[in-house]
Structures are given as structure tokens and as C-alpha cells.
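Undergrad: next input, structure requested:
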Amino acid sequence: MREQKTVVVGMSGGVDSSVAAYLLKEQGYRVIGVTMQIWQDEEQAAVEQEGGCCGLSAVDDARRVANVLDIPYYVMNFKKEFQENVIDYFIREYQAGRTPNPCIACNRYVKWESLLKRSLEIGADYIATGHYARIRHLETGRYAIENSVTAKKDQTYALYNLTQEQLARTLMPVGAYEKDRIREIAEEAGLPVAKKPDSMEICFVPDGDYASYIEKTTGVRSEPGNFVDTEGHVIGRHRGIIHYTVGQRKGLNLALGYPAFVVKIKPDTNEIVIGKLEDNLSEKVYIHQMNFMSEPDFSEEKTYLGKIRYNHAGSPCMVRRVEEDLYECTFPEAQRAVTPGQALVLYDGSLVAGGGTIL
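TA: Numbering: from 1, shown residues only. This is a model prediction of the structure:
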């Protein structure tokens, strides 16, 4: 008889992670449910009762699901790890004029690195989540994230930064199903979250007002400065660089006689460069802080499908190594609003080949 393996499922209180726990139990695993406590204070926790993946409502809903599934359930404290790897990073990037992706950081350093470490310490063999993605063990011996069955919910972009060791210890059962089918399974299993809406906002900024969150958290007001055109002429005043991101069009309050876009953010001079649509297009994108997945490296020039943001359809690009941790990605068709701080994720067919942070 096959030895029963133990898997810790990160349960957010949503339908996807709940069904992941159900599917793994049905497959014969010993399942332990865990919700990660990441809220920093009671006030924030109260706000998150209305939503978010790890607020108080997540604990209540996940515990109810665990009771239905008859599995052990625990709340683990990851406040310190979340503060250091997600919140501090998020604030630091905006203050530096870049646009962070906190979900990618949370996946790598909290949901995987910290949760996996603690799960292995209590004797688990794997961790699992409700992400819409699949894991492939390739003939080369490497592990890679593969697109989910449903393109509409595919979450591979936010998972490109996972390590080989993390992937070897991870299960993602939901990636083999369409979203509608996941809700049907939840109904059939009698899970109380079957009709719970998906959480869309960043969990620690539930109202979406990133700038106010940063100012309140740091106690530092972002100083107003100049809007300048591409030639350096002052054309107006901005509210502070944390209020803006490259490619932004709305909320600029500029009457220039043409559609205006944020082209560049210059924290050293506290200036925001404004241009036209054509000024916002890039054929060459440079990335660093690389993570390699299906490929062990990108030492040879090769064409991949590149995605420059989560909801980007992707476009072919040629990848060329420039320095040890610097790669040039050339798109035949110029891409709009290539944003420093975001990820460029490279796909080889349905597999994530790797990716890096846009400079």
C-alpha cells in the first residue's frame, strides 16, 4: 500500500483553495488546512473582514470548510514575513518611482518560502494552493509552471519566481479545471464558500488607494513636484510620485490638447515625464533579478512569448543575455506602458521558461 503523503493547503477562505483541499483529500492525501495570519494590527483586520485573502473572514470561512472536510485546521502567524517581504517592498518600490507587484513577492517569500519551511518542520511532504496553474516535472529533471486549463483565470504570471525546490514540494490541483467546474465541485461537496465572490484587490489595501496607504503607514507625505514634457519643459504640478505609474492616463489633470500618458518617473528630481501614446511604446525591454524555470538559463538567444503585466496577452520577443543578470528582450511590435518594477514573464509554449523584473 502506498504511504499516505501529507499536504498543507494554504486556505484563504475562498472557493479555489477550499476545493484544492477537497480534491487532495479525495486523492488520498492527509490534508492539513492552514490560513496565514498576515494582518498587522486589529484595525487592519477589521477592514479585511469585508474581503481580502487573509483577513478575519478568511479564518472564519476556512475553518468552516475544514470542519466540513473533517481535516485539521490551524492559523499560522506570518506577520513578520509579510511585513518585511511584501509591505516594506511595496512601499519602497513606489517611493523609488517603480510599480511593485506584491502578489509575486507574497507568493515567493510568504506563501511558499515561509509556509513551505514551516510545513516541512511539522512533517508535511507538500504544500498546496488554489492557484489556476499546473506543475510539470520535465524530462530534463527541472520543474516548471504550466498554464492552467482555463486561460481566463490563468495565474502563472504571478508564480514565475518560484524556485525549483519550492515547485518540487508543491501541488496545484485547481489548475486542471475551469472556474465554473470548481464552483460546481464546491456545491457538490457541500462547501459553504461555493458562491463566495473572488477577492480582486490587494489584501492590505482593500480600498485600492495605494498612495494614502503608503502615506498613512510611513507617516511621510509624498512631496508634490513638476510634470515635464519629453523635452524637460514644466507643464504642470503633480501630487507626489507615489500617486502615479508608467502608462497612467487618468487622474493627471492636464489639458494639453492630446491624450497624455506618464512616460517616466524620476524620483531623483521628483519629476514625472508626460508624453503622447507613441512616447509610451517600447520595442526593447531590459530585465534583471532573473528566475529560471523550464530553462536552466537564457544563455542562448531564443524567442519566447513575453508577458509584461498580469493581464497582458503576451507577444513574441527575442531574449539576449547582456550581462550576468541583465537580459535584453526585443519585441517585433512595440509594447505599451512597459513599467519598471513589474515582471516580464517568458513562456515557452505552455510552460513558464522564466522571467525577471523590468528595469
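Undergrad: residue 82 is in contact with residue 76, isn't it?
TA: No: between residue 82 and residue 76 there is no contact under Cβ atoms under 8 Å: 11.3 Å. Placement of C-beta: from N, CA and C, glycine included.
Undergrad: how close does residue 354 get to residue 239?
TA: Distance from residue 354 to residue 239, counting by Cβ to Cβ, to the nearest Å: 37 Å.
Undergrad: who's more crowded, these two?
TA: Between residue 354 and residue 239, residue 354 has the larger neighbour count (other Cβ atoms under 10 Å), namely 26 against 17.
Undergrad: tell me what the helix or strand hosting the more buried one is packed against?
TA: In the assignment (DSSP states H and E), residue 354 maps to strand 351-358. Secondary-structure packing of strand 351-358 (3 or more Cβ pairs under 8 Å, 6 or more residues apart in numbering; DSSP states H and E): strand 143-147, strand 281-292, strand 343-348.
Undergrad: pick the most buried one from those strands.
TA: strand 343-348 (a mean of 25; mean count of other Cβ atoms under 10 Å).
Undergrad: how about residues contacting that one?
TA: Identification of contacts with strand 343-348 by Cβ atoms under 8 Å, 6 or more residues apart in numbering yields 101, 104, 147, 156-157, 160-161, 285, 287, 294-295, 298, 304-308, 314, 317, 319, 329, 352-358.
Undergrad: 7 Å - rerun?
TA: Contacts to strand 343-348, defined as Cβ atoms under 7 Å, 6 or more residues apart in numbering, come from residues 101, 104, 157, 160, 285, 287, 294-295, 304-308, 314, 319, 329, 352-358.
Undergrad: which of these are buried?
TA: The neighbour-count test (16 or more other Cβ atoms under 10 Å) applied to those identifies 101, 104, 157, 160, 285, 287, 294-295, 304-308, 319, 329, 352-358 as buried.
Undergrad: beyond the lowest-mean-pLDDT helix or strand in the chain, next helix or strand please.
TA: Between all helices and strands in the chain, the lowest mean by mean pLDDT, DSSP states H and E belongs to helix 42-47, at a mean of 46. Moving toward the C-terminus from helix 42-47, the next helix or strand (DSSP H and E) is helix 56-69.
Undergrad: what angle do strand 281-292 and the strand holding residue 354 make with each other?
TA: 110 degrees (axes from the mean of the first three to the mean of the last three Cα atoms, to 10 degrees).
Undergrad: what does strand 351-358 contact?
TA: Identification of contacts with strand 351-358 by Cβ under 7 Å, 6+ apart yields 136, 144-146, 156, 160, 285, 287-295, 298, 304, 308, 327, 338-347.
Undergrad: try 8 Å
TA: Contacts for strand 351-358 (Cβ under 8 Å, 6+ apart): 136, 138, 144-147, 156, 159-161, 285-295, 298, 304, 308, 327, 338-347.
Undergrad: so residue 202 sits against residue 103, correct?
TA: Yes: contact criterion Cβ under 8 Å: residue 202 and residue 103 qualify, at 7.4 Å.
Undergrad: what about the helices in the chain?
TA: Ranges of helices in the chain, per DSSP state H, are 15-26, 42-47, 56-69, 79-82, 88-95, 102-106, 115-121, 164-168, 179-188, 210-218.
Undergrad: weakest of the ones you listed by average pLDDT?
TA: When these are compared on mean pLDDT, helix 42-47 scores lowest, with a mean of 46.
Undergrad: ok, residue 171 touching residue 7?
TA: Yes: counting by Cβ under 8 Å, residue 171 touches residue 7, with 5.9 Å between them.
Undergrad: what is in contact with these two at once?
TA: Joint contacts of residue 171 and residue 7 (Cβ under 8 Å, 6+ apart) are 24, 29, 126-128.
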